[in-house]
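Trainee: Let's see this in three dimensions:
(one chain, ligands or ions: 1)
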Amino acid sequence: MSLRASSSATTATNKFSFQQSLNPKSTFVNGNPTPQSHVKQLSFFPIKAQQFELKDGLAAVFEPKMSLGDALKVKEWEVGMYQDEFAASQGIRIRRRPPTEQPLHYNGPFEFHLQNDDNTPRNILEEIVWYKDTEVSQMKERKPLSVLEKMLNDAPPVRDFVGALKEANSRTGLPGLIAEVKKASPSRGVLREDFDPVQIAKAYEKGGAACLSVLTDEKYFQGSFENLEAIRNSGVQCPLLCKEFIIDAWQIYYARAKGADAILLIAAVLHDLDIKYMIKICKLLGLVALVEVHDEREMDRVLEIEGIELVGINNRDLGTFKVDIGNTKRLLEGERGQRLRQKGIIVVGESGLFTPPDIAYVQEAGVKAVLVGESIVKQKDPTIGITQLFGKDMSS
Ligand SMILES: O=P(O)(O)OC[C@@H](O)[C@@H](O)c1c[nH]c2ccccc12
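Mentor: Just a heads-up that it's a prediction; the model follows:
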């Protein structure tokens, strides 16, 4: 474990430069750097007086001054740590923040980070979620809920996402299609260079898509909320799913303000309490949540939560990118499938669907809807892409 400081102070080898850069209340032990061969309990975040290891086995005590704002951020960070523990108890391996990172925007007099393996994301999903945490807190500062409330009053009315899927399923006898407006992904790179989201959305609608999914994540999927808004304002009638990594209720309000009719909640990221809370917010806003699972444990958790109308089974492991459409079948076998049917939940087969036999396979497994991106967005004409995917014209 190594200690890195964003201040130049830790590189100082003499008392003068170290004291200069510290907050005036900071003191050395007994007024002088104290030799210590081992500093065992080295807490990296200066909440109380702390001991710091200096060069050559020296240690110093540091007493920070903390403003109320900083203290609140510390609390927020501590709660985040408890949340990770709570989530881990539900089998969730994704940590919402780097475990030994200081709270966001902490501007203490002396910023330390402990560098160790724990501060490196374990997989791409964790990396996305950590980045999202920073992104959302910045967005929240720019548009606090009070501002969003005004935007919500001007938002276009909600469309019936579940109704559109059911209608398409009974009209065609095939799973209702949620067609994804997706430019790129971390696993597949750029899927389409000439990417015009509105044009693609219109082509999907023409091809018989029941609903659309619009990726809004910028960094990893090259999507945007502007795309969502533009599609909603373009005259396209299909209900819209905001495809985002939601970790904070604020994002749900924002999605609705930008015209979403549905949002995605990923069970690999959110613990049960979060899912319950977020579903309540969705209901308040008239949105529907597509709750995404990838394995049996996540499915079992979700089956215990009341008020879920749509469950998505992702065939892609968001940690490793491995795709296996057999996942949909596996998760719908036996009692799980039965319980889903009893609860009247519509199951959406997600990812890795390319051909009519793929569609037939997941339909046979029990899905009433599918979520498809790559195979149709890559086609020169996405309308024809849909016809090829289903092996028939889906528009009538
Ligand atoms: O392009 P595909 O393999 O057809 O997959 C679409 C969709 O299922 C996938 O984009 C997806 C499913 N769940 C997600 C969560 C976040 C981002 C993307 C996704």
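Trainee: Let me know how buried Asp381 is, in neighbour terms.
Mentor: 12 (other Cβ atoms under 10 Å). To be clear about C-beta, it is placed using only N, CA and C from the backbone, and glycine gets the same treatment.
Trainee: Test my guess that it contacts Ala203.
Mentor: Yes - counting by Cβ atoms under 8 Å, Asp381 does reach Ala203; the two are 6.4 Å apart.
Trainee: Read off the pLDDT value for Asn153.
Mentor: Asn153 carries a pLDDT value of 95.
Trainee: Quick check: phi and psi on it?
Mentor: The phi/psi pair for Asn153 (degrees, to the nearest 10) reads phi -60, psi -30.
Trainee: Which other helices and strands does the helix or strand hosting Thr134 contact?
Mentor: If you go by DSSP states H and E, Thr134 is part of helix 124-142. Judged by 3 or more Cβ pairs under 8 Å, 6 or more residues apart in numbering; DSSP states H and E, the packing partners of helix 124-142 are helix 249-257.
Trainee: Tell me the helices and strands packed up against the helix it packs on.
Mentor: Under the contact definition 3+ Cβ pairs under 8 Å, 6+ apart, helix 249-257 sits against helix 124-142, helix 145-153, helix 225-232, strand 262-266, helix 272-285.
Trainee: could I get the ones you listed as TSV with mean neighbour count?
Mentor: As requested, those are exported to TSV (neighbours: other Cβ atoms under 10 Å):
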stretch	mean neighbour count
helix 124-142	17
helix 145-153	12
helix 225-232	21
strand 262-266	26
helix 272-285	17
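Trainee: okay, those in JSON lines with distance to Arg93 next?
Mentor: Shown next, in JSON lines, are the helices and strands packed on helix 249-257 (distance: least, Cβ to Cβ, whole Å):
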{"stretch": "helix 124-142", "distance to Arg93": "8"}
{"stretch": "helix 145-153", "distance to Arg93": "30"}
{"stretch": "helix 225-232", "distance to Arg93": "29"}
{"stretch": "strand 262-266", "distance to Arg93": "12"}
{"stretch": "helix 272-285", "distance to Arg93": "15"}
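Trainee: for the helix holding Thr134, what is the average pLDDT?
Mentor: Helix 124-142 carries an average pLDDT of 95.
Trainee: Return the angle between stretch directions for that helix and strand 262-266.
Mentor: Interaxial angle, helix 124-142 versus strand 262-266 (axes from the mean of the first three to the mean of the last three Cα atoms, to 10 degrees): 130 degrees.
Trainee: quick one: is helix 124-142 near the ligand?
Mentor: No - taking Cβ under 6 Å from any ligand atom as the criterion, helix 124-142 and the ligand are apart, separated by no less than 8.2 Å.
Trainee: Can you get me a residue count around the residue lying closest to Ala255 once chain neighbours are set aside?
Mentor: Spatial nearest neighbour of Ala255, chain neighbours left out: Cys242 (3.9 Å); criterion: Cβ to Cβ, 6 or more residues apart in numbering. By other Cβ under 10 Å, the residues close to Cys242 number 26.
Trainee: and the gap between Cys242 and His294?
Mentor: According to Cβ to Cβ, to the nearest Å, Cys242 and His294 sit 20 Å apart.
Trainee: now swap in Phe86 and tell me
Mentor: Noted for Phe86: a distance of 20 Å to His294, by Cβ to Cβ.
Trainee: same check, this time on Pro382
Mentor: Taking Cβ to Cβ as the measure, Pro382 falls 26 Å from His294.
Trainee: Then Ala257?
Mentor: For Ala257, the distance to His294 equals 29 Å [Cβ to Cβ].
Trainee: Check the chain for the residue nearest the ligand and tell me.
Mentor: The chain approaches the ligand most closely through Gly373 (2.9 Å), counting by Cβ to the nearest ligand atom.
Trainee: what's near enough to touch the closest residue in space to that residue that isn't next to it in sequence?
Mentor: Among residues not flanking Gly373 along the chain, Glu180 sits closest, at 3.5 Å (Cβ to Cβ, 6+ apart). When contacts are counted by Cβ atoms under 8 Å, 6 or more residues apart in numbering, Glu180 touches Leu212, Ser213, Val214, Leu215, Lys243, Leu371, Val372, Gly373, Ile376, Val377.
Trainee: Tell me which of these fall in strands.
Mentor: Of those, the ones assigned to strands by DSSP state E are Leu212, Ser213, Val214, Leu215, Lys243, Leu371, Val372.
Trainee: Nearest to Phe354 among the residues you listed?
Mentor: Nearest to Phe354 among the ones in strands among the contacts of Glu180: Val372, at 8.4 Å, using Cβ to Cβ.
Trainee: Pretty sure Thr355 is one of the things that closest one touches, is it not?
Mentor: No - contact between Val372 and Thr355 fails when scored by Cβ under 8 Å: they sit 11.0 Å apart.
Trainee: the more surrounded of these two?
Mentor: Val372 (28 against 13).
Trainee: Can you name the residues bridging to the more buried one?
Mentor: Ala179 (DSSP bridges).
Trainee: so who does it touch?
Mentor: By Cβ under 8 Å, 6+ apart, Val372 lies in contact with Leu177, Ile178, Ala179, Glu180, Leu353, Leu389.
Trainee: Test for you: state the pLDDT assigned to it.
Mentor: We have a pLDDT of 98 for Val372.
Trainee: Residues in contact with both of Val372 and Thr355, list them for me.
Mentor: Leu389.
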